[in-house]
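Colleague: A structural model of the following input is requested.
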Amino acid sequence: SHLNDLIMLLQGKLSPADRVMLQTICTVDVHSRDVVQNLIATKAENAEAFVWLSQLRHSWDDKEGHCRIAICDARFTYAYEYLGNVPRLVITPLTDRCYITLTQSLHLIMSGAPAGPAGTGKTETTKDLSRNIGIMTYVFNCSEQMDYRSIGNIYKGLAQSGAWGCF
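Modeller: Numbers count the residues shown, from 1 in each chain. Here you go, the predicted model:
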């Protein structure tokens with residue numbers, strides 16, 4: 001019912017910013033519905049079920065006054081970087097698996113290197129995860145003109161700002 005109401009709103013006359021916002025809400029609601037259906041189908045009985053733990057979850061910590069993010073055994077504090085009202089990536093089971101892999105790597109203070117053919121969503125998935133954590137991501141298209149000095153400057157900037165880089 002709620003999802004149908006959102007769809008009816010989307011079919012109406014909206015400003016571009018409102019349309020993007022409602023599309024994002026709709027995308028997240030569809031994923032949430034699918035997660036709940038999967039929890040029911042797999043008969044997850046408690047909060048320790050892997051089906052639940054493997055979801056990217058946001059919660060508010062009243063004691064510390066911060067948003068906390070959890071997925072599997074990785075825990076993060078939301079970084080509060082405002083990244084704009086941008087369209088949300090459709091969340092599929094493959095997206096969820098990528099989130100798990102990248103967050104586990106981040107939890108272990110390592111980097112991630114999604115691999116696959118061009119145009120399959122590696123960069124977009126990484127950018128979407130960074131938006132979920134509130135961290136800016138810069139995308140660099142590498143070329144033969146880049147030398148060790150330019151790469152070093154990029155790494156220095158990323159380290160100083162706390163941003164992520166996609167190369």
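
Colleague: Show the pLDDT at the most centrally placed residue in the chain.
Modeller: Geometric centre of the chain, nearest residue: Leu129, 2.1 Å, by C-alpha atoms, centre = their mean. At Leu129, the model reports a pLDDT of 95.

Colleague: SS state for it?
Modeller: Of the three states, Leu129 takes helix according to DSSP: H, G, I helix; E, B strand; the rest coil.

Colleague: my guess is it contacts Leu102, does it?
Modeller: Yes. Taking contacts as C-beta atoms under 8 Å, Leu129 lies within contact range of Leu102: 5.7 Å. Glycine gets a C-beta too; all of them are placed from N, C-alpha and C.

Colleague: Give me the distance between the residue with the largest distance to the centre of the chain and Ile151.
Modeller: In terms of distance from the mean C-alpha position of the chain, Gln145 ranks first, at 31.4 Å (C-alpha atoms, centre = their mean). As for Gln145, its distance to Ile151 is 11 Å (criterion: C-beta to C-beta, to the nearest Å).

Colleague: give me every residue that touches the residue nearest to the centre of the chain.
Modeller: By C-beta atoms under 8 Å, 6 or more residues apart in numbering, the residues touching Leu129 are 56, 98-99, 102-103.

Colleague: Repeat the analysis, applying 6 Å as the threshold.
Modeller: 99, 102 (C-beta atoms under 6 Å, 6 or more residues apart in numbering).

Colleague: Can I get the least confident helix or strand in the chain by mean pLDDT in CSV? Just the C-alpha atoms.
Modeller: Using mean pLDDT, DSSP states H and E, the weakest-scoring helix or strand in the chain turns out to be helix 2-10, at a mean of 88. Provided in CSV are the C-alpha atoms of helix 2-10 (Å, rounded to 0.1, in the frame of the first residue of the first chain):
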residue,chain,number,x,y,z
HIS,A,2,2.8,2.5,1.0
LEU,A,3,4.8,1.5,-2.1
ASN,A,4,1.7,2.0,-4.3
ASP,A,5,1.2,5.4,-2.8
LEU,A,6,4.8,6.3,-3.7
ILE,A,7,4.3,5.1,-7.3
MET,A,8,1.1,7.2,-7.6
LEU,A,9,3.1,10.3,-6.4
LEU,A,10,5.8,9.5,-8.9
